[in-house]
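Visitor: okay, here's the prediction I keep looking at, along with the sequence it came from:
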Amino acid sequence: MLRYRSLDNLRSDMPDPYLPASVFLSSIDDDWRRHIAAIGPCLHQPHPARDPYESLVRAIAYQQLHAKAGDAILGRLLALFPSGSFPRPEQMVATGFDQLRSCGFSANKITTIQGIAQAALSGVVPDYTTALAMDDEALIERLITLRGVGRWTVEMLLIYSLERPDILPADDFGVREGYRRLKGLEVQPTRKQMIEIGLAWRPYRTVAAWYLWRVPAR
């Protein structure tokens, strides 16, 4: 049975929905076992209330930024609207370039997020119910046709909004660097290598990514 290093890390007031994944990953080898024991339960927090449009815009906002910088940009964006809620696609399309620039978005990101909003209005970006029923790869192929939206962006949508349990963002720097540190490698695996390595983590690759994001620097 998997034993965590500290009882303080356990969520004693609620069942651990990711325990089967943690146990499975811990059984792969000693490196995984020690890392999971040190980190404790998986505390992955999806946001299923967010529709694909919102999730994509949020992912674009955080691209190539630290979390605090992304938080600040989104905070300024929400402040543009009286309700303080996330702007609907029609509101995003109608928002001026200078207003979005003042939030901290780059020119490229402004073009991308307004393109996503327009695609949501035209139906290219599906609503939550439609996206939930779609196959992972079908949704990825559909959305990467949008300017500035790559596979990683859609994978974040799959992980955090649609709660897919078996997504490995193989292009993600944190995932590849986490695996490098976990295994004491000299260089990061390539995307292709990461995909091959990750086959052993099925059907829990989302939780595997969560743990790899938390491998400490040695």
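Guide: Perfect, thanks for sending it.

Visitor: and stretch 143-163, average pLDDT?
Guide: For stretch 143-163, the mean pLDDT works out to 94.

Visitor: which positions in that stretch come out as buried?
Guide: Neighbour-count burial for stretch 143-163, with 16 or more other C-beta atoms under 10 Å as criterion, is recorded at 143, 146, 148-149, 152-162. C-beta: built from backbone N, CA, C; applies to glycine.

Visitor: distance between the ends of that stretch?
Guide: 17 Å (C-alpha to C-alpha, to the nearest Å).

Visitor: what does it rub up against?
Guide: Outside stretch 143-163, the residues that touch it by C-beta atoms under 8 Å, 6 or more residues apart in numbering are 46-48, 50-52, 54-56, 59-60, 63, 108-109, 111-112, 115-116, 119, 124-125, 128, 131-132, 136, 139-140, 164, 167, 169, 171-172, 206, 209.

Visitor: then stretch 50-62?
Guide: Residues contacting stretch 50-62 (C-beta under 8 Å, 6+ apart): 47, 70, 73-74, 77, 86, 89, 92, 105, 109, 112-113, 116-117, 120, 125-128, 131, 143, 148-149, 152-154, 156-157, 160-162.

Visitor: what separates the nearest residue to residue 131 once chain neighbours are set aside from residue 212, distance-wise?
Guide: In space, and not counting its chain neighbours, residue 131 is closest to residue 52: 4.8 Å by C-beta to C-beta, 6 or more residues apart in numbering. According to C-beta to C-beta, to the nearest Å, residue 52 and residue 212 sit 25 Å apart.

Visitor: ditto for residue 166
Guide: 15 Å.

Visitor: in terms of neighbours, single out the busier of these two.
Guide: residue 212 (27 against 17; other C-beta atoms under 10 Å).

Visitor: buried residues, stretch 164-172. List them.
Guide: Those would be 164, 165, 166, 167, 168, 169, 170, 172, for stretch 164-172 by 16+ other C-beta under 10 Å.

Visitor: what distance separates the start and the end of it?
Guide: End-to-end distance of stretch 164-172 (C-alpha to C-alpha): 17 Å.

Visitor: please apply the same query to stretch 85-95.
Guide: 15 Å.

Visitor: what does stretch 78-96 give?
Guide: Using C-alpha to C-alpha, first and last residues of stretch 78-96 are 14 Å apart.
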